[in-house]
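Student: sequence first, predicted coordinates after that:
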Amino acid sequence: MEILAKPFILIYHLVRFIFLAPKRIINYAYIGFLAVIDKLSRGKVSSKKNRELTDDEKAILEVEKMMQEQQEASNEKKVIDNEPSISFRYKIKGSNGKIINGTFEGPSADEVKLFLQNEGYEVLEVVPRKFYDVDINIGGKFKAADLSFSLTQLSTYLKAGISLIDSVRILEKQSEKQEQRKVYQKVVYELLKGENLSTAMGKQGDKFPTLLINMIKTAELTGDLTSVLDDMADYYTSKEETRKAMVSAMTYPIIVLCIAIGVIIFILVSIVPQFVQMYEDNDAEIPAITTFVMSASDFIVNYYLFIILGVGIFVGLFIYLYKKVKGFRKNVQLVIMHIPVFSKIVIYNEVYNFTKTFASLLNHGVFITDSMDVLAKITNNEIYKGLIAKTIVNLNKGVNISESFKGSWAFPVVAYEMIVTGEKTGQLGLMMEKVANYFQVLHKTLVKQMQSFIEPLMIAFLALIVGTILLSIVVPMFDIYGQIQ
């Protein structure tokens, strides 16, 4: 029996190996890739240790260490301050008779029930969520457009004499997005516990931007909340206009490119093979251009699964490295910031965001060092993070802000000179506002020019590709026509 079973055991292991081989290959490749990255990073670190670090590198290392200590202290404080809470599933009836289902976190069911009753709802049920009860309403993060509208409303309600808690309640009732309504509910809950608005918003994780929380915190100290809300509403309105301009400029080229790729693939997969068969039946002479197109067609037909898999792995790996590996992200940003036209778009946008945010912070009495800490947190560009890190270290040494940006290729001379002027005149906030307006106009103009430039370029590119394919199909027909003659 054992002898008879051996062939089946061998077949079983063979089949198992074949099916698990791709998974093992991917795992080994992934482990090897991480080992290479780790080796390169260690080599880079060791090489930095063997040579004298530059001022920029020292600044970045010092600030990163300082920010890491601040983050650890903040995390420890959150662990101490946060009371244990349980997630509950509730069913309530609104004033209009509509049944609303949702989730809420609190220390007990009675407290959650009392809170919902105080909010004007008829509570039908409040029970702890089961382990399989997954809240599918993900998101709730406020974007620039949401903040622009909400902050304007909140300021209007406060100016009309409505209390802060009731103003946030109105925002909750008016919110059309369930997850944002839930965030407002939690803010009201924290306000009822006696927390400040900035603290209540800060406890919502990443739902509200760091800049907004810090600005509101400053406004609470100065007692000028409505003015800050109006300014921040204008700020986010401006940011949304800039974002829409970029989206508008890129929408048309992306749509055209996607359609073009689909049409080209359809021609290569469906039409070209039929002509190839006709040429083979008539023994036509195949020129080089037709051979190339035929090879591309065969490759797509035979290896389309590998192409899709390869593109998916490349995109996924690129996104992962861009998010997780600082060195990779910095190198990608360096490459983009040295591409003609695109470089200016990125630089103008970053300078606008930096100066606009800096102006808002300075004009509302935020200290320069605190402003730099906020600026370092809201930008994702490693080049500008390095400049901000250098600025923080220079400020601690008593050096002017302008020295950090002097001679930097990523910071235009105009912006640098305006910083110098602002420092000399004592009106740095006003100068930063003027710089922000100037570069916003430059950015919008450049985006429109790029849009006008890309459209004919895309048409020319598509004409070249389609023309090449048509030429590869038509040329052999002349040979067939000559044989008929």
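Tutor: That came through, no problem.
Student: and the average pLDDT for the helix ranked longest in the chain is what?
Tutor: Criterion DSSP state H: the longest helix present in the chain is helix 428-484. In this model, helix 428-484 has a mean pLDDT of 82.
Student: and that helix, what does it pack onto?
Tutor: helix 225-266, helix 272-281, helix 288-324, helix 342-363, helix 413-425 (3 or more CB pairs under 8 Å, 6 or more residues apart in numbering; DSSP states H and E). All C-beta atoms are positioned from the backbone trio N, CA, C, and that covers glycine.
Student: tell me what angle that helix forms with helix 413-425.
Tutor: 180 degrees (axes from the mean of the first three to the mean of the last three CA atoms, to 10 degrees).
Student: so which of the helices and strands packed on helix 428-484 gets nearest residue 392?
Tutor: helix 342-363 (13.0 Å; CB to CB).
Student: buried residues, the closest one. List them.
Tutor: Going by neighbour count (16 or more other CB atoms under 10 Å), the buried part of helix 342-363 is 343-363.
Student: re the thing from before, least confident of the helices and strands packed on helix 428-484, on average?
Tutor: Taking the mean pLDDT of the helices and strands packed on helix 428-484, helix 272-281 comes last: a mean of 75.
Student: how far does it sit from the chain's center?
Tutor: Centre-to-centre, helix 272-281 and its host chain are 47 Å apart (CA atoms, centre = their mean, to the nearest Å).
Student: what is that helix packed up against?
Tutor: Partner elements for helix 272-281 (3+ CB pairs under 8 Å, 6+ apart): helix 288-324, helix 428-484.
Student: for the closest residue to residue 396 other than its chain neighbours, pull up the helix or strand it's in.
Tutor: Distances taken as CB to CB, 6 or more residues apart in numbering put residue 369 closest to residue 396, at 7.6 Å, once the chain neighbours are dropped. For residue 369, the host element (DSSP states H and E) is helix 368-378.
Student: over to residue 411?
Tutor: Judged by DSSP H and E, residue 411 forms part of no helix or strand.
Student: check the nearest residue to it once chain neighbours are set aside and give its pLDDT.
Tutor: Sequence neighbours aside, residue 405 is the residue nearest to residue 411 in space, at 4.4 Å (criterion: CB to CB, 6+ apart). At residue 405, the model reports a pLDDT of 90.
Student: got it, and residue 132?
Tutor: 67.
Student: again with residue 196
Tutor: 92.
Student: what's the neighbour count on it?
Tutor: Using other CB atoms under 10 Å, residue 196 has 15 neighbouring residues.
Student: who touches the closest residue in space to it that isn't next to it in sequence in this structure?
Tutor: Spatial nearest neighbour of residue 196, excluding adjacent residues (CB to CB, 6+ apart): residue 220 at 5.5 Å. Applying CB atoms under 8 Å, 6 or more residues apart in numbering, we find residue 220 in contact with 196, 197, 198.
Student: any idea how many residues pack against the nearest residue to residue 476 once chain neighbours are set aside?
Tutor: Leaving aside its sequence neighbours, residue 476 sits nearest to residue 284 (CB to CB, 6+ apart; 4.5 Å). The number of residues packed near residue 284 is 21, by other CB under 10 Å.
Student: tell me the most buried of the helices and strands packed on helix 428-484?
Tutor: Ranked by mean neighbour count, the helices and strands packed on helix 428-484 are led by helix 342-363 with a mean of 21 (mean count of other CB atoms under 10 Å).
Student: ok but residue 91 is inside a strand, no?
Tutor: Yes - using DSSP: H, G, I helix; E, B strand; the rest coil, the assignment for residue 91 is a strand.
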